[in-house]
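*Asks:* here is my input; please provide its structure:
(chains A and B)
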2 protein chains.
Amino acid sequence: MTPDEFRKHGHELVDWIATYLEGVEGRPVQAVVEPGDVRAALAEHPPTDPEPFETVMADVERVIMPGVTNWQHPNWFAYFPANTSYPSILGELLSAGLGVQGMSWVTSPACTELETLMLDWMQELLGLPERWRSTSDTGGGVLQGSASEATLVAILSARHRATNGTVNADGDTTQLVAYTTSQSHSSVEKGLRIAGIGTDRLRIVPHDDEFAMRPDALAEMIIADRGAGLVPFFVNANHGTTSSTAFDPTAHIGPICRQADVWLHVDGAMAGIAALAPEFRWVNDGLEFADSYCTNPHKWMGVNFDCTTYWTADRSSLLGALSILPEYLRSAAAESGAVIDYRDWQVPLGRRFRALKLWFAIRCDGVDAMRRMIRDHVAITQRLAARVRVDERFEIAAPHPLNLLCVRHRDGDAATDALIEAANASDAGHFTRTVLDNRSVLRISIGARTTTAAHVDAMWDALGALA
Amino acid sequence: MTPDEFRKHGHELVDWIATYLEGVEGRPVQAVVEPGDVRAALAEHPPTDPEPFETVMADVERVIMPGVTNWQHPNWFAYFPANTSYPSILGELLSAGLGVQGMSWVTSPACTELETLMLDWMQELLGLPERWRSTSDTGGGVLQGSASEATLVAILSARHRATNGTVNADGDTTQLVAYTTSQSHSSVEKGLRIAGIGTDRLRIVPHDDEFAMRPDALAEMIIADRGAGLVPFFVNANHGTTSSTAFDPTAHIGPICRQADVWLHVDGAMAGIAALAPEFRWVNDGLEFADSYCTNPHKWMGVNFDCTTYWTADRSSLLGALSILPEYLRSAAAESGAVIDYRDWQVPLGRRFRALKLWFAIRCDGVDAMRRMIRDHVAITQRLAARVRVDERFEIAAPHPLNLLCVRHRDGDAATDALIEAANASDAGHFTRTVLDNRSVLRISIGARTTTAAHVDAMWDALGALA
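*Replies:* Residues are numbered from 1 along each chain as shown, chains lettered A, B, ... in the order given. Got it, this is the predicted structure:
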């Protein structure tokens, strides 16, 4: 493809994307294909000669689009949202066009310095502890590819601190014990497993009837494990669980972790972004005790995946856990100590210029627009809750402080499951199921950028008719 | 930003990128900033109101670009290349515009099925073992974000197989021993460390005078470790090392691993793509013995980072190592066994639609163009080697079968280091240093898409003058 062809096809593709996003509501939310359909409709073998861009885009329309589940659809109520925005898409495009690597400061200083600035901007916008800023003595922030990677990095930092770094030599993790509730995201178990902490040493701390960790139970479990000669090393607290947006009481968990010298990681992947609006700053309660924290601009802030903001108050444990310096990566700038090499803050070596999309989104759409969206989603969710509450066929299964409503059919699991299945087969929207208190629950997550009260009203009318 | 503003600014940005790439040769290769310069030139605090896109792009020109090291520059001789191409950039743009998640088949079937097809296309294009195809009984492929993540996934698969999965419960890695040479990429030590195999149980296998692993030494070390009651579980062989493009003799290492029931991972991150050209298929020698393998289309194939192709012959160990299924991720399609859920093939949960850029690059630029580029780079490197060989001030420090030449000044390390420093301070290009046989070496990596014989001739003229 020549530069002029790129100009031509690039313009066409930009227009195609704008038209797609403007018209996404006219498409089904869920892909309408059976397993194997997409592959069967594409060439089984690679072409030998170049093909025109138009031919490829024709396949996008004919084959890819029917196989795409439209996450940007206003009737997206499944999982959590993964919002894009126009400025963020342009940030991704610029990152792809520059094609630079940000593994070390020296490999593209702007990539590192803009990222550090964006983490400091986000600390300010979310009202997070000052000691997490890059300008603090011991803290700092970095963009991770996902909350899963942030959790893994937190676990590795905790593992390093609890063993005084001996784990880098002996790899002995057999005394380490981690704590979280059954409501935590699967990435906590996955990260622990990767780091050599198996389920035998993952304690499931009991939760209260609002699905929040019981600090008294945590304290008892830590004491019991210490008594047995084990080393409690890591607590994962949730600020907004995946199943029901439960908030663990970090203000009470924090002092227990401090006293026991246990690393406290707080997972605010979805809900943490709510703190952009001052009236939701309570989602940060207790964060002053956290050793590390993450939240996802790629969920509720209109910044394209992958963009997880991760902060730690203890960067020396992070660097101890992840730094390795071969000859071919040395640089005078790094050895002077004046710069950050983000490769040592993450699992991979290479990294894209991800800060651009966050910078573009904050500057071009503005934070006020993001706050408005968050406020709207929360208000719409509360309005929906009021409608559900007066319908005697349903009950609300958990507190709903933000934008996720968990609903059960009073006739039991079979009725709830049938409703979820019928809803997903209809054009009411896309929904996912979870389990709370061993009972099936319909999750209604209201967070797509274009979702309005009218969409949610129509959705609930449809579900009411299906029930 | 409205859809129409996105159209307008998107067109402008596409044009900006084309102009940047057409004119990148006129820019310095390396960023011309000191630590802190970029940040100091940007707003310390986030704006409260939206800003025009033009204002942001003015900051890109004024602040970001002087802070960018231009990896797409034809005088890029540092590290390894990280090539982009026009179709690949458009693939990234489409991925950003769609904003779908490919964590499970059901969350966007096309994202999974196109990726599986691309891995099968690549298996065919590179001439890799049939048992790695998705259609085989036990194998399959996936896109990872980086070779580092591929190596970690291989280690975790090996760890699972060697412990019969007990590691998922007891996390006991204290008997496991891994083997590789001192020439391996730092990601091998990093991945092992993450997985709980510290340096005490990482054996550095001696290499021969061409920096290739000595199979006899490996066999002896495995026997000794078994004799000591330890469990040899993982060998990393390199097909093209980072320092010098050394090839470990996998055809000889493979039978040793088979006999000892040790997982053999082959890291072909840079050099593996050479197999696109049939005359370089020798880079695959011995791969029939490998349990897993990776190579990077984002290096020498013109596909934007991040795009690492990873295959395994034993997907059940991979799935055993990484599968976790919470209620909110269940789907009927997955439970039927008819589909792949790639979240269980990688460390993170979320994943972008990365297959698009590989598909676009193969279809729109064509494989012949990629083969021509690879052949040109190898020929240019050999021509440069001939020039170096007749200059009595220099010596070549290692075999150079492909596109990396390692050069030493005969006056010793101080002269070599001074030359590297002077070269990087000049406009001859960007270079990195390594150490071979405890002596400093200038690495000349010839792999940027736009590098021609004329660039390399001019570069060597300049270095000759500086020496």
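
*Asks:* right, and residue A:305 touches residue B:350 too?
*Replies:* Yes. Taking contacts as C-beta atoms under 8 Å, residue A:305 lies within contact range of residue B:350: 5.7 Å. No exception for glycine: its C-beta is placed from N, CA and C like everyone else's.

*Asks:* quick one: common contacting residues for these two?
*Replies:* A:82, A:146, A:298, B:101 (C-beta atoms under 8 Å, 6 or more residues apart in numbering or on different chains).

*Asks:* next, the third one: secondary structure please.
*Replies:* At residue A:298, secondary structure determined by DSSP: H, G, I helix; E, B strand; the rest coil is helix.

*Asks:* that older thread, can you redo the shared contacts of residue A:305 and residue B:350 as TSV with secondary structure and pLDDT?
*Replies:* Below are the shared contacts of residue A:305 and residue B:350 laid out as TSV (DSSP: H, G, I helix; E, B strand; the rest coil; pLDDT from 0 to 100):
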residue	secondary structure	pLDDT
A:82	coil	96
A:146	coil	97
A:298	helix	97
B:101	coil	96
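
*Asks:* ok, and the closest non-adjacent residue to whatever residue of the stretch 301-450 of chain A ends up closest to chain B?
*Replies:* Residue of the stretch 301-450 of chain A nearest chain B, by C-beta to the nearest C-beta: residue A:366 (3.6 Å). The shortest distance from residue A:366 to any non-neighbouring residue, by C-beta to C-beta, 6 or more residues apart in numbering or on different chains, is to residue B:50 (3.6 Å).

*Asks:* tell me, how many residues neighbour the one you found?
*Replies:* Neighbourhood size, residue B:50 [other C-beta atoms under 10 Å in any protein chain shown]: 17.

*Asks:* between the shared contacts of residue A:305 and residue B:350, which is nearest residue B:158?
*Replies:* When the shared contacts of residue A:305 and residue B:350 are ranked by distance to residue B:158 (C-beta to C-beta), residue A:146 comes first, at 23.6 Å.

*Asks:* against chain B, how distant is that closest one?
*Replies:* The spacing between residue A:146 and chain B, counted by C-beta to the nearest C-beta, to the nearest Å, is 4 Å.

*Asks:* again, but for residue A:159
*Replies:* Using C-beta to the nearest C-beta, we find residue A:159 at a distance of 9 Å from chain B.

*Asks:* what about that residue, how many residues nearby?
*Replies:* If you count neighbours by other C-beta under 10 Å, residue A:159 ends up with 29.

*Asks:* ok, now residue A:115?
*Replies:* The burial count assigned to residue A:115 is 26, neighbours taken as other C-beta under 10 Å.

*Asks:* for the host helix or strand of it, buried residues please.
*Replies:* Secondary structure assignment for residue A:115, by DSSP states H and E: helix A:109-126. Using 16 or more other C-beta atoms under 10 Å in any protein chain shown as the test for burial, helix A:109-126 gives A:109-123, A:125-126.

*Asks:* after it, next one along is what?
*Replies:* Once helix A:109-126 ends, the next helix or strand along the chain (criterion: DSSP H and E) is strand A:140-144.

*Asks:* which residues are contacting that next one?
*Replies:* The contact list for strand A:140-144 (C-beta under 8 Å, 6+ apart) reads A:115-116, A:118-120, A:122-123, A:132-134, A:150, A:153, A:294, A:306-312, A:315, A:340, A:342, A:345-346, A:354-355, A:358.

*Asks:* got the angle for it vs helix A:109-126?
*Replies:* Put simply, strand A:140-144 runs at 110 degrees to helix A:109-126, going by axes from the mean of the first three to the mean of the last three C-alpha atoms, to 10 degrees.

*Asks:* list the pairing partners of strand A:140-144 within its sheet, with orientation.
*Replies:* The pairing partners recorded for strand A:140-144 under DSSP bridges are strand A:308-312 (antiparallel).

*Asks:* contact partners of the partner strand?
*Replies:* Strand A:308-312 is contacted by residues A:118-119, A:122-123, A:128, A:132, A:139-147, A:149-150, A:153-154, A:157, A:269, A:291-298, A:318 when judged by C-beta under 8 Å, 6+ apart.

*Asks:* the helix ranked longest in chain A: which residues count as buried?
*Replies:* Ranked by residue count under DSSP state H, the longest helix found in chain A is helix A:367-389. Buried positions in helix A:367-389, judged by neighbour count with 16+ other C-beta under 10 Å: A:367, A:369, A:370, A:371, A:373, A:374, A:377, A:378, A:380, A:381, A:384, A:388.

*Asks:* now swap in stretch A:80-88 and tell me
*Replies:* Within stretch A:80-88, the residues scored as buried using 16+ other C-beta under 10 Å are A:80, A:81, A:82, A:83, A:84, A:85, A:86, A:87, A:88.

*Asks:* hmm, residue A:350 is touching residue A:100, no?
*Replies:* No. The pair residue A:350 / residue A:100 is not scored as a contact, 10.5 Å apart, by C-beta under 8 Å.

*Asks:* list residues touching both of these two?
*Replies:* Shared contacts of residue A:350 and residue A:100, counting by C-beta under 8 Å, 6+ apart, come down to residue B:82.

*Asks:* which pLDDT value goes with residue A:334?
*Replies:* Residue A:334 is assigned 70 on the pLDDT scale.

*Asks:* what helix or strand is the residue nearest to residue A:327 when sequence neighbours are not counted located in?
*Replies:* Distances taken as C-beta to C-beta, 6+ apart place residue B:435 nearest to residue A:327, at 4.4 Å, with adjacent residues excluded. Using DSSP H and E, residue B:435 sits within strand B:432-436.

*Asks:* alright, I will stop here.
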